[in-house]
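> Everything below, folded, please.
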Amino acid sequence: MAIGEGFMAKRPPSMFDVAQASGVSHQTVSRVLNNHESVSDKTRAKVLASMEKLGYRPNLAARALVTGKSSTIGVLSYDTTLFGPASMLHAIRESAREVGYALNTVTLKAIDRESVENGIQELVNAAVDGLVIIAPHYVGDKPFSNIPGSIPTVIVEGEDAGKIPSVNVDQILGAQLAVEHLIGLGHKRIAHISGPKNWFETQKRIDGWKCALDKSKLSTKSLVAGDWSARSGYEATKEILKDPKVTAIFAANDSMALGALKALSEAKIAVPAKMSLIGFDNIKPNIACLEENKISFLISREIYPSNYYLQQRFSMIGSVIKMILLLLPCRSSYYNSK
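Coordinates of the predicted model:
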């Protein structure tokens, strides 16, 4: 047997194979791929069925040369190991896939003006059809000034978007709901473990915590900064426990709430019998704690196709981003324990 015999890669199906299997011309297949209105529903269904059966995948590079579109959305993000950016990226990917777009993702190691501008330029050079920028940090004045006006762009969780449309979770309302729940349980001294500085979510969740306490004329002195990690929640809780008046803790994310739970366990303080604990984001480990009555309440940011809070209504600037943002999975909601 000759070297390599039996190991020849099978040729992937082509547009002509789809046309032959469907009994139509390759021009008709092309019209189906480009969603042309001249194709009847019956023919479209037959062609799509043949594509599925053959495992046909369009040649995006060739298609881009013909249509002038890459069928790709560029996403600029930061630290996708964190729940917020990771869940946002996952949801954008799923939403884009549903409408026939792939993602080209650039993940930044640091959030500063130069890194943001370089990341944007990399995506622009890749000829993406639109941009989604997940921007949870303050990065200076006009950080998105190098985005060409011809590329539809939306900023997610950004406060310094300027004239660029943006979409945000109502962080203040989420934090208020959490603290108001604790106040309703009769707590008078409610501590807050905040996120790191320069994150918009950090300040807004602090604002919501303070707003609820101020409305009830309660102290806002019990504030300890964390860094989103369980370790920081653990250390912050040990600091909080130095004040014997604290009977409830609102952690700005669920990872820090889990760290707080460990510190409380070590201090032999029962949750929720002796200390109420609230997390924000609804990660799976905290759902288990909720079901076991170890955490009394959760604020969630879930992957849903609709029903999300918007702090700012945005104008739609291009069908690509319009379709993604109509599905963008951001909502703040709360769940009471049994």
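
> Low-confidence stretches in the chain?
Applying pLDDT under 70 to the chain flags residues 1-10, 58-70, 79-84, 139-143, 158-162, 283-338.

> domain assignment for it?
Annotated domains of the chain cover 15-58, 72-169+308-331, 171-304 [automatic domain parsing].

> Determine how far the shortest one lies from the middle of the whole chain.
Its chain's C-alpha centre lies 34 Å from the corresponding centre of domain 15-58 when counted by Cα atoms, centre = their mean, to the nearest Å.

> now swap in the last one and tell me
Computed by Cα atoms, centre = their mean, the separation of domain 171-304 from the middle of its chain amounts to 21 Å.

> Where do the strands of the chain begin and end?
Secondary structure of the chain by DSSP state E: the strands cover 72-78, 102-108, 130-134, 153-156, 166-167, 190-194, 223-225, 248-251, 276-281, 297-301, 332-336.

> and those strands, which is most packed in?
Compared across the strands of the chain, strand 248-251 shows the largest average neighbour count, a mean of 30 (mean count of other Cβ atoms under 10 Å). For every residue, glycine as well, the C-beta is placed using N, CA and C.

> Pull up the pairing partners for it, direction included.
Looking at strand 248-251 with DSSP bridges, its partner strands are strand 190-194 (parallel), strand 276-281 (parallel).

> Which one of these lies nearest to residue 147?
Ranking the strands paired with strand 248-251 by proximity to residue 147 (Cβ to Cβ) places strand 276-281 first, at 29.0 Å.

> Only the C-alpha atoms, please, for the closest one, written as PDB.
Backbone C-alpha positions of strand 276-281 (Å, rounded to 0.1, in the frame of the first residue of the first chain) are rendered in PDB as follows:
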ATOM      1  CA  SER A 276     -28.300  36.600  56.000                       C
ATOM      2  CA  LEU A 277     -26.200  36.600  52.800                       C
ATOM      3  CA  ILE A 278     -27.000  37.800  49.300                       C
ATOM      4  CA  GLY A 279     -25.100  37.200  46.100                       C
ATOM      5  CA  PHE A 280     -25.400  38.900  42.700                       C
ATOM      6  CA  ASP A 281     -25.100  37.000  39.300                       C
END
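
> going forward can the numbers begin at 349, since that is how I track them
All set: I'll call the first residue 349, so the last point we hit is now strand 624-629.

> Dump the strands of the chain into a markdown table; add distance to residue 556 as well.
Shown next, in a markdown table, are these (distance: least, Cβ to Cβ, whole Å):
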| stretch | distance to residue 556 |
| --- | --- |
| strand 420-426 | 23 |
| strand 450-456 | 27 |
| strand 478-482 | 21 |
| strand 501-504 | 19 |
| strand 514-515 | 18 |
| strand 538-542 | 10 |
| strand 571-573 | 13 |
| strand 596-599 | 9 |
| strand 624-629 | 10 |
| strand 645-649 | 10 |
| strand 680-684 | 10 |
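
> residues touching residue 396, list them.
residue 380 (Cβ atoms under 8 Å, 6 or more residues apart in numbering).

> Distance-wise, check it relative to residue 441.
Relative to residue 441, residue 396 is positioned 22 Å away (Cβ to Cβ, to the nearest Å).

> And residue 373, by the same measure?
Distance, residue 373 to residue 441, using Cβ to Cβ: 34 Å.

> the more surrounded of these two?
Between residue 373 and residue 441, counted using other Cβ atoms under 10 Å, residue 441 has the larger neighbour count: 17 against 12.

> Name whatever forms a beta bridge with the closest residue to the more buried one other than its chain neighbours.
Nearest residue to residue 441, sequence neighbours excluded (Cβ to Cβ, 6 or more residues apart in numbering): residue 451, at 5.2 Å. Here residue 451 sits in beta bridges with residue 421, going by DSSP bridges.

> was I right about residue 451 contacting residue 423?
Yes - taking Cβ atoms under 8 Å as the definition, residue 451 is a contact partner of residue 423 at 5.5 Å.

> Between the two, which contacts overlap?
Joint contacts of residue 451 and residue 423 (Cβ under 8 Å, 6+ apart) are residue 440.

> just checking, residue 479 touches residue 471?
Yes - look at residue 479 against residue 471 with Cβ under 8 Å: they come within range, at 6.2 Å.

> list residues touching both of those two?
Here residue 479 and residue 471 have 422, 423, 424 as joint contacts, going by Cβ under 8 Å, 6+ apart.

> Helices of the stretch 549-686 of the chain, residue ranges please.
Here the stretch 549-686 of the chain has its helices, by DSSP state H, counting those that start in this stretch, at 578-588, 602-614, 632-639, 667-674.

> again with the stretch 349-498 of the chain
In the stretch 349-498 of the chain, the segments counted as helices under DSSP H, counting those that start in this stretch are 363-370, 374-381, 389-402, 408-415, 431-446, 461-473.
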